[in-house]
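Colleague: let's see this in three dimensions:
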Amino acid sequence: MTATLEPAQRATLQQVEGDLARWQSTVEDAAEQGASDPEFLQRLSESLRQVVATANDGLMPPLDAETSNELRRRLLRLVTIDGDDSRAPLDVADEALMEAEAVRHIVRDVLDGRPATGTTTKDQVEQLGAWLPRVPVTQMAGLLGVDRRTVTRMRADAGPPSARLELVWRLVALLHRSWTDEGVMAWFVRPRIELEGRTPLELLGDRSAEQDLTDLARRGRTQRAG
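Modeller: Prediction:
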């Protein structure tokens with residue numbers, strides 16, 4: 001099972017996401033005002049390096065290798081974006097804004113996809129309902145491998161979540177921003193070449209398949225449900 005985020009780790013990543021959002025807002029305001037003086041890129045870089053330093057400090061062990069590598073690559077790209085004679089400062093700023101948004105997307109995925117220590121069965125079932133409000137209880141029960149009466153009992157269960165519930169919770173956390181409720185459910189029942197023709201639903205009870213499912217869901221966040 002992927003390790004959970006401790007409160008301090010979660011707080012660090014939340015700070016990174018907030019700092020990047022504020023940095024983006026500052027750059028966008030400067031761009032709207034036509035900032036293009038020779039010192040613009042230098043100020044842009046200096047203000048960003050502190051944010052990236054905090055982000056690097058926040059890359060702690062619970063991050064899986066793929067997420068950590070992707071985040072570090074994006075952060076490195078952010079602090080090495082330089083202007084040249086062929087590009088105006090504002091063009092460079094636009095590229096930096098896009099990279100910053102990519103970093104924020106990854107951080108939000110991590111925050112959504114890693115439960116805080118102490119998260120209960122009740123918390124995760126309620127969150128699934130909030131993320132997928134149009135999914136009937138019977139379909140949710142199918143995802144969780146239980147009957148609908150058990151789902152009702154789980155909504156009042158203050159105990160730790162089962163392995164299957166936590167996995168479904170993490171997968172939906174990665175998918176729900178980019179897909180409709182119906183699209184998320186379709187993702188679980190669609191055969192995948194990456195899974196040797198099996199569906200994610202078939203593998204929810206297989207502990208050895210958790211990383212493959214997580215990687216597949218992470219890639220799926222860039223798609224759109226029809």
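
Colleague: so this protein: which segments form each domain?
Modeller: Domain ranges of the chain: 7-113, 121-220, per automatic domain parsing.

Colleague: shaky segments in the protein?
Modeller: The chain contains residues with pLDDT under 70 at 1-5, 31-41, 44, 57-66, 82-91, 113-118, 220-226.

Colleague: how about the strands in it?
Modeller: Ranges of strands in the chain, per DSSP state E: none exist.

Colleague: for residue 75, see how far away the most centrally placed residue in it is.
Modeller: Nearest to the geometric centre of the chain sits residue 109, at 0.9 Å (CA atoms, centre = their mean). As judged by CB to CB, to the nearest Å, residue 109 and residue 75 stand 15 Å apart. For the C-beta atoms, the positions are set from N, CA and C on the backbone; glycine is no exception.

Colleague: who touches stretch 119-131?
Modeller: 4, 115, 140, 151, 154-162, 165-166, 168-169, 172-173, 176 (CB atoms under 8 Å, 6 or more residues apart in numbering).

Colleague: okay, and which of those map to helices?
Modeller: 140, 151, 154, 165, 166, 168, 169, 172, 173 (DSSP state H).

Colleague: neighbour count and distance to residue 199 added to those residues, as TSV?
Modeller: Converted to TSV, those look like this (neighbours: other CB atoms under 10 Å; distance: CB to CB, whole Å):
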residue	neighbour count	distance to residue 199
140	20	17
151	19	21
154	23	23
165	21	18
166	20	19
168	24	13
169	24	18
172	26	15
173	23	19
